[in-house]
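Q: Sequence plus the predicted model coming up.
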Amino acid sequence: MSEHELQAIFDRKIENEVKIEPKDWMPDAYRKNVLRQMSQHAHSEIVGMLPEGNWITRAPSLRRKVALLAKIQDEAGHGLYLYSAAETLGTDRERIVLDLLEGKAKYSSIFNYPALTWADIGAVGWLVDGAAIVNQIMLQKTSYGPYSRAMIRICKEESFHQRQGYEILLTLCRGTEEQKAMAQDALNRFWWPSLMMFGPSDKDSPHSAQSMAWKVKRMGNDELRQKFIDQTVKQADFLGLTLPDPDLKWNEEKGQYDWGQIDWEEFYNVIKGNGPCNKERLAARQKAYDNGAWVRDAATAYAKKRAERKNKEAA
Amino acid sequence: MEKKQALFNYLLRLADNSAILGHKLSEWCGHGPELEEDIAIINTALDLLGHSRSLYTYAGEVEGKGKTEDDLAFLRIEREYKNALITELPNGHYGDTIARQYLFDQFNYLLFIELEKSSDETVAAIAAKAIKEIRYHLRRSIEWTLRLGDGTEESHAKIQEAFDDVWAYTGDLFVQDDSDLVIIAEGIGPDLKAIQPIWREKVKATLAEATLLIPEDGWMHSGSKQGRHTEHMGHILSELQYMQRTYPGCEW
Amino acid sequence: MERKDWPLWEVFVRSKAGLSHKHSGSLHAPDAEMAISNARDVYTRRSEGVSIWVVESKHIHSTLETDSESMFDPNEDKIYRHPTFYDIPDEVGHM
């Protein structure tokens, strides 16, 4: 079949909502685009374990400790599902991980912000997971089959994550003045970075239009961000917390909230490596990779030895 | 000593073992040697924390002063924690964690199969549920002992050293005091002295299969049952208790 | 640089007795035993299964997209393989 015919088959599939599967023909640019998105997404899950991990040993009750631990463990699982999905495109996980460690791959910049108080664990669950879920629900319908299936599994498992965070904040807001202030402070610090999670405005996003055309993404960054804001305002009200945006106001005509300006200079700086924790996050991943090397090698060597012993017995 | 006090002490020791070891294992979250292993070791941490919750809750009931699992887990002074010394040792490298885990799992397994037969119904029920998980912990820590012992030269040397280092803390697991004697007499828990030789045989067999030498029985540290801990314990508690101590009396 | 990655495995989980194993996903493991352990820890954290199969991914063979027309389309018109192809009077009852 000529490349022209293969391209036509591919286009027809995208048009008719038929998923693209690993062994199907696909344009190189599509392969690259999907791989970039999946690996970024996977790295975000893994690096995302670190800020919350910072509070596991200080969780204030056993119930909170096991919930947080289970949530972070899920993130490891989700990273694993996404790496596996990325591996179907003919690269292996170690290569993808090395791209992260070598600074060639990105992850969500939100995880370069520090988790300073216990309330931050609530804010991360409520806002960061909340924003991620808006994005991930959309991605369940992505055109690449393995990515879509990973997202469906992830969305199912993540349903408790946001509730976990919101419940933490609810408890703080019903507690002492000091606890409520802690919650408000966390919201103040995490609100804008959460909005940045959806990426630059579509008009400034280098990949957005092509991703939409290939149905890798099904909604634009701005639309997703608006959706998140609209659903979050009510939840903040219920907590009795104030979103740190003086311009936030209901627009009757548009049926959605108007809101202020994202500090894009901060966004691009954090991406460039100038965030409060960029270095620590990558250093932690590098350390785990380096310190794990002899353990991984030992298991490989043992498997080889045992296979040889078995072969000898059989002979 | 009366039975109630002995049972309370006994439950706290079991609960503290699980809580402190679960706490130490949870430090691996996000830092494991491979993604699959990160997930697996957190499962063990979650199981142990689960056991501690059931045991603390029951300990609170036995004591009858209205203490919750969190009161007991978070609000005692160091001397009142009765976890075995081995559970509070630093994670070290992965081989140190595996050596500590295997020796504890082997002990915990032998202990909990006996606790399943406890004359105390609640203890028996908690043990019956926990033993399924502990059996799996043991299986995994044996698998890793074999892989690190009979893996590469480097891993062999590292895990051998890890076993040698941790060995002096294993005697503490089998020390018995007045509470234990009441517990044995009441048929609530087993005589640890009877478990010790079985534990030793099992450990010897596993280490032999892993091409490792069983360390020599020299001087053994002890003191956990009197709440005499290593220097590490205070640091564990300063993190564990940070929130509860900084903001007393709050709901979280 | 030498590749030291553990090999990739495919995981199949039987969700309850009586059902067949279904593909759950993949993972890395040094050998079959660890693959099964890891599969238990990764893919059955929410009681999703009662039995696990693992197979190294390299042992899976599959059809190709370019063959799919000749592999699967020819069966679309073999309607005589389906019960509705045959006319049986209602009076005969359920058959």
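A: Arrived safely.

Q: From now on I want contacts and neighbour counts done on CA atoms only, so please keep to that.
A: OK.

Q: Just list the residues touching whichever residue of chain C sits closest to chain B, thanks.
A: Chain B sits closest to C:D41 of chain C, with a gap of 5.4 Å, by C-alpha to the nearest C-alpha. Going by C-alpha atoms under 8 Å, 6 or more residues apart in numbering or on different chains, C:D41 touches B:36, B:39-40, B:43.

Q: Name the member of those residues with the most neighbours.
A: Highest neighbour count within the contacts of C:D41, by other C-alpha atoms under 10 Å in any protein chain shown: B:I39, with 27 neighbours.

Q: in which helix or strand would I find it?
A: For B:I39, the host element (DSSP states H and E) is helix B:35-63.

Q: what is the mean pLDDT for that helix?
A: Helix B:35-63 comes out with an average pLDDT of 98.

Q: Can you tell me which residues in chain A are near chain C?
A: Neighbours of chain C within chain A, by C-alpha under 8 Å from any C-alpha of the partner chain: A:23-25, A:77, A:80-81, A:84, A:93-94, A:296-297, A:299-300, A:303.

Q: if we can go back for a sec, in the helix holding B:I39, what's buried?
A: Buried residues in helix B:35-63, counted by 16 or more other C-alpha atoms under 10 Å in any protein chain shown: B:35-60, B:62.

Q: Now narrow these to whatever sits close to chain A.
A: Checking these against chain A (C-alpha under 8 Å from any C-alpha), the matches are B:35-36, B:38-39, B:42, B:46, B:49-50, B:53.

Q: want to try a markdown table for the residues you listed, with distance to B:G218 as columns?
A: As requested, those are exported to a markdown table (distance: C-alpha to C-alpha, whole Å):
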| residue | distance to B:G218 |
| --- | --- |
| B:L35 | 38 |
| B:E36 | 37 |
| B:D38 | 34 |
| B:I39 | 36 |
| B:I42 | 33 |
| B:L46 | 34 |
| B:L49 | 32 |
| B:G50 | 34 |
| B:R53 | 35 |
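
Q: and stretch B:148-156, does that touch chain C?
A: No: Stretch B:148-156 lies apart from chain C when judged by C-alpha under 8 Å from any C-alpha; the minimum separation is 11.4 Å.

Q: and A:D99, how many residues sit next to it?
A: For A:D99, using other C-alpha under 10 Å, the count is 15.

Q: pLDDT wise, what is C:K78 at?
A: Reported pLDDT for C:K78: 86.

Q: Likewise for A:A315?
A: For A:A315, pLDDT reads 80.

Q: about what we covered before: can you name every helix or strand that the helix holding B:I39 contacts?
A: Helix B:35-63 is packed against helix A:62-87, helix B:3-26, helix B:69-74, helix B:121-149, helix C:32-43, with contacts defined by 3 or more C-alpha pairs under 8 Å, 6 or more residues apart in numbering or on different chains; DSSP states H and E.

Q: and of those helices, who's closest to B:S238?
A: Nearest to B:S238, of all the helices and strands packed on helix B:35-63, is helix B:69-74, at 10.1 Å by C-alpha to C-alpha.

Q: Can whatever helix or strand comes next after that closest one be said to contact chain C?
A: Remark: after helix B:69-74, the chain's next helix or strand is helix B:94-115, criterion DSSP H and E. No: Helix B:94-115 does not reach chain C (C-alpha under 8 Å from any C-alpha); its nearest approach is 15.1 Å.

Q: Return the mean pLDDT over helix B:94-115, rounded to an integer.
A: Throughout helix B:94-115, pLDDT has a mean value of 98.

Q: Which strand or helix spans the residue of the stretch 101-250 of chain A found nearest chain C?
A: Distance from chain C to each residue of the stretch 101-250 of chain A (C-alpha to the nearest C-alpha) is smallest for A:A150, at 8.4 Å. Using DSSP H and E, A:A150 maps to helix A:145-173.

Q: Can you name the secondary structure element that comes next after that helix?
A: Next helix or strand after helix A:145-173 toward the C-terminus (DSSP H and E): helix A:177-196.

Q: That next one vs helix A:145-173, what angle?
A: Interaxial angle, helix A:177-196 versus helix A:145-173 (axes from the mean of the first three to the mean of the last three C-alpha atoms, to 10 degrees): 160 degrees.

Q: just checking, what packs against helix A:177-196?
A: helix A:118-123, helix A:145-173.

Q: and the ones you listed, which is most packed in?
A: Among those, judged by mean count of other C-alpha atoms under 10 Å in any protein chain shown, the one packed with the most neighbours on average is helix A:118-123 (a mean of 27).

Q: list the helices and strands that one packs on?
A: Using 3+ C-alpha pairs under 8 Å, 6+ apart, the elements in contact with helix A:118-123 are helix A:145-173, helix A:177-196.

Q: OK, contacts around the residue in the stretch 1-150 of chain B that chain C sits nearest to?
A: Using C-alpha to the nearest C-alpha, the single residue of the stretch 1-150 of chain B nearest to chain C is B:A40, 5.4 Å away. Taking C-alpha under 8 Å, 6+ apart, we find B:A40 in contact with C:38, C:41-42.

Q: Could you rerun that using 10 Å?
A: The neighbours of B:A40, taking C-alpha atoms under 10 Å, 6 or more residues apart in numbering or on different chains as the test, are A:73, B:29, B:32, B:34, B:46, B:137, B:140, C:37-42, C:45.

Q: for the residues you listed, which one is nearest A:K254?
A: Nearest to A:K254 among these, with distances taken as C-alpha to C-alpha, is A:Q73, at 40.4 Å.
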